[in-house]
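In: Dropping the sequence and predicted coords here.
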Amino acid sequence: MNLTVIGTGYVGLVSGTCFAEMGNKVHCIDIDQQKIDHLKNGVIPIYEPGLEAMVKRNVENNSLHFSTDIAAQLPTTDVAFIAVGTPMGEDGAADLQYVLQVAKSIGTHMTKPLIIVDKSTVPVGTADKVRNAIQEALDLRGENISFSVVSNPEFLKEGDAIADFMKPDRVVIGAEDPEACEVMRKLYMPFFRSSMDRLITMDVRSAEMTKYVANAMLATKISFMNEVANICELVGADVNKVRIGIGSDSRIGYSFIYPGSGYGGSCFPKDVKALRKTALENGYDARLIGAVEAVNESQKMVIAKKVVARFGADLSGKTFAVWGLAFKPETDDMREAPAIYIIKDLVKRGAKIQAFDPKAMEEAQHYYLKDTPNVRYTTNKYEALENAHAMILLTEWKTFRAPDFDAIKTALQDPIVFDGRNQYSDIEMQKRGFEYYQIGKK
């Protein structure tokens with residue numbers, strides 16, 4: 001099929017590239033000329049394992065193209081995907097201005113019947129707004145062209161997005177038009193090979209709701225376990241053992257019940273807020289969802305509080321080594337990362353930070369910690385430790401899982417480790433002579 005993907009952010013670039021990999025002809029559109037020029041030259045704006053090689057391969061195969069000209073592509077397009085950002089507004093609701101701008105542009109330039117797909121994460125009712133924006137643009141032109149609006153939410157995990165797209169555990173299609181639904185089924189058929197039972201069709205509003213509920217459910221598991229971890233500390237229990245005890249129940253499972261410094265990223269914080277906002281707009285106070293958000297905000301500061309409890313509120317003259325800046329491993333994404341809040345709090349108290357992250361340091365320097373003083377970025381994890389008063393682990397990158405503990409001990413002024421991801425064994429750390437603090441255990 002001929003596909004146009006509008007928006008070359010995380011969702012748009014991954015989706016367009018994976019569709020091209022399956023033999024479709026894909027044009028990715030963005031208004032940022034510099035970004036498009038970079039993509040044409042193989043410069044990828046995000047870090048996602050496997051994406052760069054796949055982009056280059058499909059550009060060379062002439063199946064993936066990049067452009068700023070939506071008008072030139074729509075006449076030959078079968079399906080157009082809207083994959084632009086929906087940032088959180090000041091009131092917590094999803095900001096749909098970019099989605100609706102694209103919808104207006106589609107209505108202005110389409111010349112034949114078209115299927116328009118909302119791939120962006122959007123609140124319930126967005127498809128209606130998109131449909132209205134397209135129709136208004138067509139009416140202004142005096143054109144009577146048929147079109148369908150479909151909801152096809154993405155369920156990609158940053159750091160494993162290629163595998164998630166190429167071998168999806170489910171694809172959700174929300175459509176009122178049977179013909180549009182059939183086109184979408186044919187588009188996704190190559191991703192399922194022998195079985196199509198994981199392609200789930202439903203009405204548009206239910207599809208829009210599914211994305212938010214999925215992320216809210218996962219965020220709930222994280223906040224629940226972090227709340228349990230805080231109780232464990234108070235009563236003298238070990239949350240690591242509790243996690244194993246409850247995870248063995250097949251109804252609960254082990255996914256998303258690891259205690260830590262809270263969730264971050266581009267999806268969970270934004271989508272939890274947006275779902276709660278949607279509920280409020282419809283006269284319902286989603287108290288559980290509000291609690292999930294509140295617990296997470298508090299959890300981001302748990303490690304900072306442990307540092308203060310150990311060293312005092314005034315951290316002047318103290319230096320801390322921070323391992324990990326990204327909100328999770330295998331990404332350079334720092335949006336809402338706990339590291340931002342922890343580092344800013346420690347610096348405000350007078351501390352100096354020596355930080356290392358395999359992929360996110362450029363993001364930190366130029367955006368998220370740009371105006372934060374006394375933060376130095378190092379070339380490797382051991383350099384960050386030199387003469388620091390303690391190490392703070394905030395992202396569970398593989399390179400941090402089995403480090404040289406003797407080198408850590410030698411580099412630090414004192415062998416003190418604050419583990420925001422419970423990555424190490426407290427028994428082993430004590431045997432090695434470390435003063436070791438983790439989450440959910442006294």
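Out: Yep, that arrived. Numbers count the residues shown, from 1 in each chain.
In: Next, count neighbours for residue 271.
Out: Counted with other Cβ atoms under 10 Å, residues neighbouring residue 271 total 24. (Each C-beta comes from the backbone N, C-alpha and C, glycine too.)
In: Would you list the phi and psi of it?
Out: Dihedral pair for residue 271: phi -70, psi -40, per degrees, to the nearest 10.
In: mind checking how far the residue nearest to residue 83 when sequence neighbours are not counted is from residue 189?
Out: Nearest residue to residue 83 in three dimensions, chain neighbours excluded: residue 12, at 3.3 Å (Cβ to Cβ, 6 or more residues apart in numbering). Going from residue 12 to residue 189 by Cβ to Cβ, to the nearest Å gives 22 Å.
In: ditto for residue 237
Out: 50 Å.
In: Between these two, tell me which one has more neighbours.
Out: Of the pair residue 237 and residue 189, residue 237 is the one with more neighbours under other Cβ under 10 Å, namely 16 against 12.
In: Kindly confirm my reading that residue 73 forms part of a helix.
Out: Yes - assessed by DSSP: H, G, I helix; E, B strand; the rest coil, residue 73 belongs to a helix.
In: Test for you: state the pLDDT assigned to it.
Out: Per-residue confidence (pLDDT) for residue 73: 95.
In: State whether it and residue 4 are indeed in contact, as I suppose.
Out: Yes - under the criterion of Cβ atoms under 8 Å, residue 73 makes contact with residue 4 at 4.8 Å.
In: Between those two, which contacts overlap?
Out: 27, 29 (Cβ atoms under 8 Å, 6 or more residues apart in numbering).
In: And these two? Which one has more around it.
Out: More neighbours surround residue 4 than the other of residue 73 and residue 4, with 26 against 21 (other Cβ under 10 Å).
In: quick check, the more buried one in a helix?
Out: No - using three-state DSSP, the secondary structure at residue 4 is strand, not a helix.
In: tell me the contacts of it?
Out: 26-29, 70, 73-74, 77, 79-81 are the contacts of residue 4 under Cβ under 8 Å, 6+ apart.
In: Nearest to residue 365 among these?
Out: Nearest to residue 365, judged by Cβ to Cβ, of these is residue 28 at 27.7 Å.
In: buried ones in stretch 268-286?
Out: Neighbour-count burial for stretch 268-286, with 16 or more other Cβ atoms under 10 Å as criterion, is recorded at 268-278, 286.
In: Measure how far it is from the centre of its chain, please.
Out: The chain centre lies 19 Å from the centre of stretch 268-286; the measure is Cα atoms, centre = their mean, to the nearest Å.
In: before we move on, what about stretch 227-247?
Out: On Cα atoms, centre = their mean, the centre of stretch 227-247 falls 27 Å from that of its chain.
In: Any chance you could list what contacts that stretch?
Out: Contacts for stretch 227-247 (Cβ under 8 Å, 6+ apart): 225, 252-254, 257-259, 295, 299, 302, 422, 426, 438-442.
In: List buried residues within those residues.
Out: Those of the contacts of stretch 227-247 that meet the buried threshold are 225, 257-259, 295, 299, 302, 422, 426, 438-441, by 16+ other Cβ under 10 Å.
In: Just flag the most distant two among these.
Out: Maximum pairwise distance among the buried ones among the contacts of stretch 227-247 (Cβ to Cβ): 23.5 Å, between 295 and 426.
In: So which of the contacts of residue 4 are in strands?
Out: Judged by DSSP state E, the contacts of residue 4 include 26-29, 79-81 as members of strands.
In: Now the element after the longest helix anywhere in the chain, going C-ward?
Out: Taking DSSP state H as the criterion, the chain has its longest helix at helix 204-235. Using DSSP states H and E, the helix or strand that follows helix 204-235 in sequence is helix 239-247.
In: Output that next one as PDB, nothing but the C-alphas.
Out: Extracted C-alpha coordinates of helix 239-247, given in PDB (Å, rounded to 0.1, in the frame of the first residue of the first chain):
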ATOM      1  CA  VAL A 239       9.700  -5.500  49.300                       C
ATOM      2  CA  ASN A 240      12.000  -7.600  47.100                       C
ATOM      3  CA  LYS A 241      10.700 -10.800  48.800                       C
ATOM      4  CA  VAL A 242       7.200  -9.500  48.900                       C
ATOM      5  CA  ARG A 243       7.400  -8.900  45.100                       C
ATOM      6  CA  ILE A 244       8.500 -12.600  44.500                       C
ATOM      7  CA  GLY A 245       5.700 -13.800  46.800                       C
ATOM      8  CA  ILE A 246       2.900 -12.000  45.000                       C
ATOM      9  CA  GLY A 247       4.300 -12.300  41.500                       C
END
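In: Check which residues of that helix are buried.
Out: Buried, per 16+ other Cβ under 10 Å, within helix 239-247: 239-240, 242-243.
In: and what of stretch 366-374?
Out: For stretch 366-374, burial by neighbour count (16+ other Cβ under 10 Å) applies to 368-369, 372.
In: Quick one: those as a markdown table, columns for distance to residue 138 too.
Out: Below are these laid out as a markdown table (distance: Cβ to Cβ, whole Å):
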| residue | distance to residue 138 |
| --- | --- |
| 368 | 41 |
| 369 | 46 |
| 372 | 49 |
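In: In strands, which of those residues fall?
Out: Members of the buried residues of stretch 366-374 lying in strands (criterion: DSSP E): none.
In: which of the residues you listed lies closest to residue 322?
Out: Nearest to residue 322 among the buried residues of stretch 366-374: residue 369, at 10.4 Å, using Cβ to Cβ.
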